[in-house]
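Asker: Turn this into a structure:
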Amino acid sequence: MRDVQNETDHRHIEIDMVGVKNLKYPIVLKDKAIDKQHTIATINMFVNLPHHFRGTHMSRFIEILNKYRREIDIHSMGNIMKEMKERLNAESAHLELEFPYFIEKQAPISKAKSLMEYQCRFIGVLNDRMKILLGVSVPILTVCPCSKEISRHGAHNQRGEVRLLLKFKGFLWIEDVIEMVEQCASGSIYSLLKREDEKFITESSYENPTFVEDVVRNVATKLNQIENILWYQVEAESYESIHHHDAYACVSKKD
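Answerer: Below you'll find the predicted structure:
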């Protein structure tokens, strides 16, 4: 049969990334509490395409992924990207795994336990060297310092989110990263709270008001103290309760 994908393309334009997106696949992660956690990842797989090829072989991405279906985790990402480069005659490979990660969290006063979901991702890039990044999104609570200062009663508060992207050496527990971030806001978010917990969180967050600028600086300060963090980007977004806009801040470490 005619192999259209391997035909020569005469436009002389190299494609940076081509491949498959939004594949759902089971993966296995190390869990600090129960050893292993099984979850479902949304997977993107890309390679570069030299200018003289008309197309890539999409089915080969699926074949490679299927080969590793019982052992897809951060440790196998390097082997998957190497095989992507080899089988698709590429100079670079890009692999993304985005997944929900669940942690059992205890309410501060009642000690009621429930599962909290956190959206996480691994981003791998392989060209002349390999780079793997960890991304974590952490819901937070912020109380506005200005509102507290100018108001006789109360202060506006709202949910927000911190999004981290980390380059690191060695190993990082996702649980430790999340706990560290939650300590940098006015308060943290829970799945299950009793009245005594709500009272505690309302009062303690009121005593710890934070701008989004405070949050990213607090997180950056803690990350600067962790030796195996080589680079980071920290974003904080506050979903404002009395404004028709959201507040946003971002800080990153020079690579």
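Asker: Tell me how far the nearest residue to residue 77 once chain neighbours are set aside lies from residue 62.
Answerer: Closest residue to residue 77 apart from its sequence neighbours, by CB to CB, 6 or more residues apart in numbering: residue 124 at 4.4 Å. The C-beta positions use only the backbone N, C-alpha and C, and glycine is treated the same way. Here the criterion is CB to CB, to the nearest Å. By it, residue 124 lies 18 Å from residue 62.
Asker: Distance from stretch 150-158 to the middle of the chain?
Answerer: 32 Å (CA atoms, centre = their mean, to the nearest Å).
Asker: ok, and for that stretch, which residues are buried?
Answerer: By neighbour count with 16 or more other CB atoms under 10 Å, stretch 150-158 contains the buried residues 155, 157-158.
Asker: Looking at these, which one is closest to residue 183?
Answerer: Residue 183 lies nearest to residue 157 out of those, by CB to CB, at 17.2 Å.
Asker: Just grab the bridge partners of the closest one for me.
Answerer: With DSSP bridges applied, residue 157 shows beta-bridge pairing to residue 143.
Asker: How about residue 116?
Answerer: residue 103.
Asker: In contact with it, which residues?
Answerer: Applying CB atoms under 8 Å, 6 or more residues apart in numbering, we find residue 116 in contact with 102-105, 189-191.
Asker: most surrounded residue in the residues you listed?
Answerer: residue 105 (20 neighbours; other CB atoms under 10 Å).
Asker: Got the phi and psi for it?
Answerer: phi -120, psi 140 (degrees, to the nearest 10).
Asker: let's have the chain start at 429 instead
Answerer: That works, and once the first residue is 429, the last one we named lands at residue 533.
Asker: Need the three-state assignment for the residue nearest to residue 505.
Answerer: Following DSSP: H, G, I helix; E, B strand; the rest coil, we place residue 552 in the strand state.
Asker: Could you check how far residue 549 is from residue 571?
Answerer: 29 Å.
Asker: Please apply the same query to residue 441.
Answerer: Residue 441 is 51 Å from residue 571, by CB to CB.
Asker: The two: which is more packed in?
Answerer: residue 571 (24 against 8).
Asker: Could I get the pLDDT score of the more buried one?
Answerer: Here the pLDDT value assigned to residue 571 is 97.
Asker: try residue 441
Answerer: The model's pLDDT for residue 441 equals 85.
Asker: Residue 535 is in contact with residue 626, isn't it?
Answerer: No: taking contacts as CB atoms under 8 Å, residue 535 lies outside contact range of residue 626: 9.3 Å.
Asker: okay, these two: which has more neighbours?
Answerer: residue 535 (19 against 15).
Asker: Quick check, central residue of this protein?
Answerer: Of all residues in the chain, the one closest to the mean position by CA atoms, centre = their mean is residue 563, 2.4 Å from it.
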